[in-house]
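K.L.:
my questions are about this predicted structure, shown below with the sequence.
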Amino acid sequence: MKGENLIPLTNQFLYLSAQFNTHMERRTRVRFAPSPTGPLHMGGVRTALYNYLIAKKTGGDFILRIEDTDQNRFVPGAEEYIIESLRWSGIIPNEGVGFGDGPYAPYRQSERKAIYRQYAEQLVKDGNAYYAFDSAEELEHTRKLMEAEKSAFSYNGITRIKLKNSLTISPDEVAKRLTSNESYVIRLKVPLNEEIKVKDIIRGWVSVHTAEMDDKVLFKSDGMPTYHLANVVDDYLMKITHVIRGEEWLPSAPLHVLLYRFLGWENVMPEFAHLPLLLKPDGNGKLSKRDGDRLGFPVFPLNWKDPETGELSSGYREKGYFPQAFVNMLSLLGWHAGSNQELFTMDELIQEFSLDRVSKSGAKFDPEKTKWFNMQYLKLQTDDELTKLYLADIKERIKSGTLVFNEKENPNFHFLTSNTEYVKEIVRLIREKAHFVNEFWDLSSFFFIAPESYDPAVISKKWNENTKAFFIALRDNYAKTEALNAATTESIFKQTAEPTGIKSGELMHLFRVLMVGLAKGPDLIGMVVLLGKEEVVKRLTNAINKL
RNA sequence: GGCCCGUUCGUCUAGGGGUUAGGACAUCUCCCUUUCACGGAGGAAACGCGGGUUCGAUUCCCGCACGGGCUACCA
């Protein structure tokens, strides 16, 4: 964010365009490139979001590419999960797996398998890579041996001359091994004594000496490329202009720079931006699946059921979060608009977002603030929208059988729970008390189901012969009234209360408990009016008989 | 261990050579209210440490400490 990086991305881009013809007229193209090894983590959603925002801001393209080069780690359903997560979050790629093919299809690396080999072989031909025949077991053995001597093994410029590869074996022998069925990998030949510099939009220049780098495998013995090769090749082929990814990739960025150089693509190399990590709320370290289970908040956008263990991990969607709240919260984990604004629509995010305001340090995730965000979005909904959501929630509760009640005591239950107007009135009374729509039920179940018990703390303290007499009188007076509206409800209450000499606050409190069973809830008068004369009289009678 | 990255209230962060170091969540107090929330007002709360540079450093530089990431034929 300092020095040269002060120039905003877009300006920086224009600035570069003026200097290099190769950058001229390059349309912004970014990609989100997860591997389908499990459910998409919320940190992944944030990465996707930042990519999306940059694309939209610059009128460019946002691509979803599936990096499934590791056949061993494939998890069924993971790809669909990724697609569904992005869709729910409103982060919609305009090209890629699940979102329609663009001009660079296919977007699944396993389907691009044939493409990578030629580049790996080109690298070998140019002397920048070599065949290596050491088996995984042999290398593992060496690694263990050196570990025992408290040093680390690295396949690099020093060790490669002692290992089994095309640099140490005669060309004839190599040719023989290649044509026979012996398995081999292709490794990058990292130059001996060089400083590799990577320019990162967020961190500035990062440099690493080649002596610290190892000869990474580019092409595996199963015929698949590794991440490094596939990533660079695809980014080049798909004309990616900005690589925006998690910080865990920063250490391998110099390797990627080397690859661009050796492949002759340095002039169209994308710009890099390595995002700070999302950290667990307590202690330190990367936010992981375990933390959600342990601390009771979702780490994933959607529910996920592990196909092997059957273990269920909860998602923001199923917990009742609005996708907009989820995205808004995510946007602010590591980015700041520079103003005091915290609530952003997606359009506003597109407008305001820039990579040079992304912070460098990891952000501890705060589940509490996430709830606050959801409440803010709840407030933004209309009564009608919330009614619709509440109705759906009730239906779901009935369907799942989590809602139990006495059918005889509540003959109107099904009528009430499907009465849109009635439910809307309830929503008006309780909406301000909730952070989530799924809290509505607990805040208002008494509108559908008459109380069967009464808060004992209040009853034992305030229920006596005098108050009982009052409520009998009140019941009778209400029964005699035409209808209960706010005015009559209140005036009759007062008229009845006055002669008793009991504080009306006390009586109100008791009245509430007799109506709903609890010592808390929405406005009492509003509640009574909504329940209606008949129901109020019935509930009073019930209470008088029971207590 | 090695390499790389980072470090402002408990948390997310703003800021930046001279500021009463700002905001938000959480927390506390008060107000609103029959209650619970919501809302409003206010409070407590931070520049990791040591050296430089400078008239002056939280801000710039260097060390250290601490934290994190990477160190696979995983991404």
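P.N.:
Sure, I can see it.

K.L.:
could you pull up phi and psi at residue A:466?
P.N.:
phi -70, psi -50 (degrees, to the nearest 10).

K.L.:
wait, isn't it in contact with residue A:502?
P.N.:
Yes - Residue A:466 lies in contact with residue A:502 (C-beta atoms under 8 Å); the separation is 6.4 Å. Quick note: C-beta positions are derived from backbone N, CA and C, even for glycine.

K.L.:
more crowded one of the two?
P.N.:
Neighbours around residue A:466 and residue A:502, counted as other C-beta atoms under 10 Å, are more numerous at residue A:502. The numbers are 17 against 12.

K.L.:
just confirm the more buried one is within a strand.
P.N.:
No - Residue A:502 sits outside any strand when classified using DSSP: H, G, I helix; E, B strand; the rest coil, being coil.

K.L.:
which ones are touching it?
P.N.:
Listed by C-beta atoms under 8 Å, 6 or more residues apart in numbering, the contact set of residue A:502 reads A:466-467, A:470.

K.L.:
which residues are in contact with residue A:483?
P.N.:
residue A:533 are the contacts of residue A:483 under C-beta under 8 Å, 6+ apart.

K.L.:
can you tell me how far it is from residue A:540?
P.N.:
16 Å (C-beta to C-beta, to the nearest Å).

K.L.:
picking up where we left off before, which one among the contacts of residue A:502 gets closest to RNA strand B?
P.N.:
residue A:467 (13.9 Å; C-beta to the nearest atom of the strand).

K.L.:
secondary structure class for the closest one?
P.N.:
Once three-state DSSP is applied, residue A:467 turns out helix.

K.L.:
so what's it closest to, chain neighbours aside?
P.N.:
In this structure, residue A:467 finds its nearest non-sequential neighbour in residue A:510, 5.9 Å apart by C-beta to C-beta, 6 or more residues apart in numbering.

K.L.:
so the one you found sits in a helix?
P.N.:
Yes - the assignment for residue A:510 is a helix, going by three-state DSSP.

K.L.:
surely residue A:165 touches residue A:134?
P.N.:
Yes - using C-beta under 8 Å, residue A:165 is in contact with residue A:134, at 7.2 Å.

K.L.:
ok, the two, which is more surrounded?
P.N.:
residue A:165 (22 against 18).

K.L.:
how about the contacts made by that one?
P.N.:
Residues in contact with residue A:165 (C-beta under 8 Å, 6+ apart) are A:130-134, A:187.

K.L.:
what's the burial count for residue A:294?
P.N.:
12.

K.L.:
a helix runs through it, doesn't it?
P.N.:
Yes - assigned with three-state DSSP, residue A:294 falls within a helix.

K.L.:
now it: how far from residue A:370?
P.N.:
Residue A:294 is 16 Å from residue A:370, by C-beta to C-beta.

K.L.:
over to residue A:346?
P.N.:
Taking C-beta to C-beta, one finds residue A:346 at 17 Å from residue A:370.

K.L.:
give me the more crowded residue out of these two.
P.N.:
residue A:370 (22 against 19).

K.L.:
chain neighbours aside, what residue packs nearest to that one?
P.N.:
residue A:329 (4.9 Å).

K.L.:
which strand or helix spans the one you found?
P.N.:
Residue A:329 is located in helix A:323-331, with elements delineated by DSSP states H and E.

K.L.:
beyond that helix, next helix or strand please.
P.N.:
Next along from helix A:323-331, by DSSP H and E: helix A:346-352.

K.L.:
what lies in contact with that next one?
P.N.:
A:49, A:53, A:56-57, A:90, A:324, A:327-328, A:331, A:337, A:344.

K.L.:
same question, stretch A:419-435
P.N.:
Contacts of stretch A:419-435 (C-beta under 8 Å, 6+ apart): A:371-372, A:374-375, A:378-379, A:383-384, A:386-387, A:390-391, A:394, A:416-417, A:439-440, A:443-444, A:447, A:522-523, A:526-527, A:530.

K.L.:
which PyMOL command selects the buried ones in those residues?
P.N.:
Buried members of the contacts of stretch A:419-435, identified by 16 or more other C-beta atoms under 10 Å, are gathered into one PyMOL selection as follows:
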select buried, chain A and resi 371+374+375+378+386+387+390+391+394+416+417+439+440+443+444+447+522+527+530
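
K.L.:
contacts with RNA strand B among the contacts of stretch A:419-435, please.
P.N.:
A:371-372, A:375, A:522-523 (C-beta under 7 Å from any atom of the strand).

K.L.:
looking at these, which is nearest residue A:356?
P.N.:
residue A:372 (27.3 Å; C-beta to C-beta).

K.L.:
just the element for that closest one, please.
P.N.:
Short version, using DSSP H and E: residue A:372 is in helix A:367-380.

K.L.:
hey, what's the angle from that helix to helix A:323-331? Just curious.
P.N.:
140 degrees (axes from the mean of the first three to the mean of the last three C-alpha atoms, to 10 degrees).

K.L.:
just want the angle from the helix or strand just after helix A:367-380 to helix A:367-380.
P.N.:
Next in sequence after helix A:367-380, counting helices and strands by DSSP H and E, comes helix A:383-400. With the same axes, to 10 degrees defining the directions, helix A:383-400 sits at 120 degrees from helix A:367-380.

K.L.:
got a list of contacts for the helix or strand following helix A:383-400?
P.N.:
Later in the chain than helix A:383-400, the nearest helix or strand by DSSP H and E is helix A:413-416. The contact list for helix A:413-416 (C-beta under 8 Å, 6+ apart) reads A:405, A:407, A:422-423, A:447-449.

K.L.:
let's go with 7 Å and repeat that
P.N.:
Identification of contacts with helix A:413-416 by C-beta atoms under 7 Å, 6 or more residues apart in numbering yields A:405, A:422, A:448-449.

K.L.:
of those residues, which pair is most distant in space?
P.N.:
A:405 and A:422 (16.4 Å).

K.L.:
neighbour count winner among these two?
P.N.:
residue A:422 (18 against 14).

K.L.:
what about that one, distance to residue A:387?
P.N.:
Taking C-beta to C-beta, one finds residue A:422 at 10 Å from residue A:387.

K.L.:
what of residue A:524?
P.N.:
Counting by C-beta to C-beta, the gap from residue A:524 to residue A:387 is 22 Å.

K.L.:
again, but for residue A:319
P.N.:
21 Å.

K.L.:
again with residue A:68
P.N.:
43 Å.

K.L.:
so which bits of stretch A:540-547 are buried?
P.N.:
A:540, A:542-543.

K.L.:
which bits of the stretch 101-250 of chain A sit near RNA strand B?
P.N.:
The stretch 101-250 of chain A has residues A:134-136, A:139, A:143, A:152-155, A:183, A:185, A:203-204, A:206-209, A:212, A:214, A:217, A:220-222, A:224, A:226-227, A:247-250 near RNA strand B, with proximity defined as C-beta under 7 Å from any atom of the strand.

K.L.:
check which residues of stretch A:459-471 are buried.
P.N.:
For stretch A:459-471, by 16+ other C-beta under 10 Å, it's A:459, A:463, A:467, A:470-471.

K.L.:
for those, which one is nearest residue A:29?
P.N.:
Closest approach between the buried residues of stretch A:459-471 and residue A:29, by C-beta to C-beta: residue A:459, at 68.3 Å.

K.L.:
any chance of the backbone angles for residue A:241?
P.N.:
phi -100, psi -20.

K.L.:
hmm, back to that, could you dump the contacts of helix A:413-416 to CSV with distance to RNA strand B and pLDDT?
P.N.:
Below are these laid out as CSV (distance: C-beta to the nearest atom of the strand, whole Å; pLDDT from 0 to 100):
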residue, distance to RNA strand B, pLDDT
A:405, 22, 82
A:422, 19, 96
A:448, 18, 95
A:449, 18, 93
